[in-house]
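[1] Build me a model from this:
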Amino acid sequence: MESITSRLINWASILDDRTRQQALTTSRLPFIYPHLALMPDAHLGKGATVGSVIPTLGAIIPAAVGVDIGCGMIAVRTQYTLKELPRDRKPLRESIERAVPLSAGHNNRKVTATAEPRIAELHRRAEKAGFNPAQYVAKWDLQLGSLGSGNHFIEVCTDETDAVWLFLHSGSRGVGNKIAQHHIEVAQGVARDKRITLEDRDLAYLEEGTPQFTRYIKELRWAQHFALLNREEMMDRVIRQFSDWVGGPVTETERINCHHNFTQQETHYGKSVWVSRKGAIKAEAGDPGLIPGSMGTASYVVEGLGNTASLNSSPHGAGREYSRNAARKTFSLAQLKEAMHGIEFRASEAFIDEIPAAYKPIDQVMRDAADLVKVRHRLRQLVNVKGD
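    Below you'll find the predicted structure:
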């Protein structure tokens, strides 16, 4: 932990100058209280840094919540061990790829039976919030149970005891993105109308008590819940495919589902603040959490330590060292295949920007996070599924 200023505390031992400056810019906003906490996986983001915890008094910065509202992780520990699995893992990967729509813009063709009660719940929540998600995406219901692309993934892993885990990463898909983009633009319009000077226009904010703030919170909470149910729906499908492959039912011995792009009201340093975790998970003492590495490296099941200075938070992953464009120019498919040796995955040039070398070493990130979380399990991948 390093106190850069009284308004910025940093846990990242690997931190480039542009990311540091971006975090400092955010920390100078007058409503930050008591300070911005920079997680070990911090890297450059839209407006606010990915891997930062931003507590605000009476205002929220939509871009500091992130454009993938409610993005997060879900993991299920099964009763199976490594020695009980079939040796050929390709059929499992391919069956998961058929069961879950992958890639940006790919949705379900119809609403599945398991999705129906979840979509009904989301309709009720939207009605109560006073908005129609179809104003953002006409067929938003067909997005429930779809993965997306980028760093989203589905994995089968084993831990240090050889217990088998099912693990995936996704968020609120296109509908959440549209909601986020809309409110970022609304905040920017408010800043123009009020002639508010900002160091970065993506740090435009909405003030508590205004109609714009109230609408954002209602739609934000809906999108956060969509993201949580989206992960639940996909996990149910993955369990079915895994069960068919292994030849027996799955007994869940543990299930963890946690956001890492979200905001909520909490009390810190004696005041009620809005805490926006952009690429960070809540880590109060005893909170279960999930911190994935990049594809081909380890992931972690953790328990929060309730670190006060971090605002009870921890990192959400490895954190990029190379931008996507830089990674595509630097690394090759051959290097990706080498990094993924022994892991069943679909070898594609589309995934070069996700190569482990494009990210910070996850074990270093976890060493930096030693006073934020304690490790319960270290997972290694057997199967990896991603969207183009």
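
[2] Next one: the nearest residue to residue 25 once chain neighbours are set aside from residue 207, what distance?
    Among residues not flanking residue 25 along the chain, residue 199 sits closest, at 4.8 Å (Cβ to Cβ, 6 or more residues apart in numbering). C-beta here means a position set from N, CA and C on the backbone, and glycine is covered the same way. Distance of residue 199 to residue 207, given as Cβ to Cβ, to the nearest Å: 18 Å.

[3] cool, and residue 75?
    37 Å.

[4] of the two, who's got more company?
    More crowded of residue 75 and residue 207, by other Cβ atoms under 10 Å: residue 75, with 26 against 14.

[5] In a strand, that one, correct?
    Yes - assigned with DSSP: H, G, I helix; E, B strand; the rest coil, residue 75 falls within a strand.

[6] Now do the contacts for it.
    By Cβ atoms under 8 Å, 6 or more residues apart in numbering, residue 75 lies in contact with 165-168, 254-256, 290, 301.

[7] And for residue 205?
    Counted by Cβ under 8 Å, 6+ apart, residue 205 has contacts 29, 31, 56, 59-62, 187, 191.

[8] which residues touch the closest residue to residue 227 other than its chain neighbours?
    Closest residue to residue 227 apart from its sequence neighbours, by Cβ to Cβ, 6+ apart: residue 70 at 2.8 Å. By Cβ under 8 Å, 6+ apart, residue 70 lies in contact with 171-172, 176, 223-228, 259, 261-262.

[9] Could you tell me how far residue 70 is located from residue 171?
    For residue 70, the distance to residue 171 (Cβ to Cβ) stands at 5 Å.

[10] joint contacts of those two?
    Counting by Cβ under 8 Å, 6+ apart, the contacts common to residue 70 and residue 171 are 227, 261.

[11] does residue 327 count as helix, strand or coil?
    Per three-state DSSP, the secondary structure class of residue 327 is helix.

[12] By residue count, what's the longest helix in this structure?
    Identified as the longest helix of the chain according to DSSP state H is helix 211-246.

[13] how close does the residue nearest to residue 227 get to residue 337?
    When distance is defined by Cβ to Cβ, residue 70 is 33 Å away from residue 337.

[14] so the strand ranked longest in the chain versus helix 211-246, what angle?
    Ranked by residue count under DSSP state E, the longest strand found in the chain is strand 373-385. With axes from the mean of the first three to the mean of the last three Cα atoms, to 10 degrees applied, the angle from strand 373-385 to helix 211-246 works out at 60 degrees.

[15] list the buried ones in stretch 270-288?
    Buried residues in stretch 270-288, counted by 16 or more other Cβ atoms under 10 Å: 273-283, 287-288.
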